[in-house]
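In: sequence-free structure coming up:
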């Protein structure tokens, strides 16, 4: 399967800040009707950015109960699906199990596993950019920050206090909303920057359901 080699940028702080989505471009559905509207918009797209967030575990032996948040991003807005709200699981399943829209993200192995084991959702028709991109002359996966730096020439700011915050909270802070939305949005921007026909050129790396690939 094809790999895309990118340079490794070491001076991240010298890069301009990544121009991500703002609060007014982030939608958090709270009712079945609102989730249905989000699904309609997302399924009308050819590809969307995708990620999940889970409440972190800090004790030895503690098992994560996530995902607690599922994020989708189009070119114009992001949708934050709060797990536990009425209509969320059905809406997320209709997107994640659909072959109509390509889901793109980074490090999706753990997301896929948690979606299956915790929510009974099988992630289909997706591409993991972390395993598709490689640094020139190096092995191993590429993370979101490195990819944004190399492909977009921009710097993604990652706040540890936000990334390790309580994603299971019913009400997310503005900082959590922006962080979560732009994880999905940045992945989409990287994918789009790989070329006008990235989906076709990387077709061999698009993953079907686990049951179909074994």
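Out: That came through, no problem. These numbers come from a predicted model, not from an experiment.
In: Show which residue of this structure lies farthest from the average position.
Out: residue 60 (27.1 Å; CA atoms, centre = their mean).
In: In three-state terms, label it for me.
Out: Secondary structure assignment for residue 60 (DSSP: H, G, I helix; E, B strand; the rest coil): coil.
In: Who are the contact partners of it?
Out: Residues near residue 60 by CB atoms under 8 Å, 6 or more residues apart in numbering: none. For glycine as for every other residue, the C-beta is placed from the backbone atoms N, C-alpha and C.
In: surely residue 124 meets residue 96?
Out: Yes - with contact defined as CB atoms under 8 Å, residue 124 and residue 96 form a contacting pair (6.8 Å).
In: Please say which of these two ends up with more neighbours.
Out: Each of residue 124 and residue 96 has its neighbours counted (other CB atoms under 10 Å); residue 96 has more, 24 against 20.
In: quick one: pLDDT of the more buried one?
Out: Looking at residue 96, its pLDDT stands at 98.
In: Next, give phi and psi for it.
Out: Dihedral pair for residue 96: phi -70, psi -30, per degrees, to the nearest 10.
In: That one and residue 121 touch, don't they?
Out: Yes - between residue 96 and residue 121 there is a contact under CB under 8 Å: 5.3 Å.
In: the strands in the chain, which residues?
Out: 4-6, 26-27, 47-53, 69-73, 78-82, 102-105, 126-128, 133-135 (DSSP state E).
In: Please enumerate the helices of the chain.
Out: 32-43, 88-96, 108-119, 129-132, 144-147, 160-163, 174-193, 198-201, 210-213 (DSSP state H).
In: and residue 49, which of these is closest to it?
Out: Among the helices of the chain, the nearest to residue 49 by CB to CB is helix 174-193 (3.2 Å).
In: Going by neighbour count, list what's buried in that closest one.
Out: Residues of helix 174-193 classed as buried: 176-192 (neighbour count, 16 or more other CB atoms under 10 Å).
In: For that helix, give the mean pLDDT please.
Out: On average, helix 174-193 scores 97.
In: ok now that helix, how far from the chain's centre?
Out: Computed by CA atoms, centre = their mean, to the nearest Å, the chain-centroid distance of helix 174-193 equals 7 Å.
In: cool, stretch 198-208 as well?
Out: For stretch 198-208, the distance to the chain centre is 17 Å (CA atoms, centre = their mean).
In: now stretch 138-156
Out: 15 Å.
In: So for that stretch, first residue to last residue, what's the gap.
Out: Chord length of stretch 138-156, first to last residue, is 22 Å (CA to CA, to the nearest Å).
In: Output the helices of the chain as TSV; include the columns distance to residue 7.
Out: Output for these, formatted as TSV (distance: least, CB to CB, whole Å):
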stretch	distance to residue 7
helix 32-43	32
helix 88-96	32
helix 108-119	23
helix 129-132	16
helix 144-147	10
helix 160-163	25
helix 174-193	14
helix 198-201	18
helix 210-213	31
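In: Out of the ones you listed, flag the one nearest residue 9.
Out: Evaluated over these, closeness to residue 9 peaks at helix 144-147, with 7.0 Å, by CB to CB.
In: Show the contacting residues for residue 155.
Out: 12, 13, 15, 16, 17, 18, 145, 148, 149.
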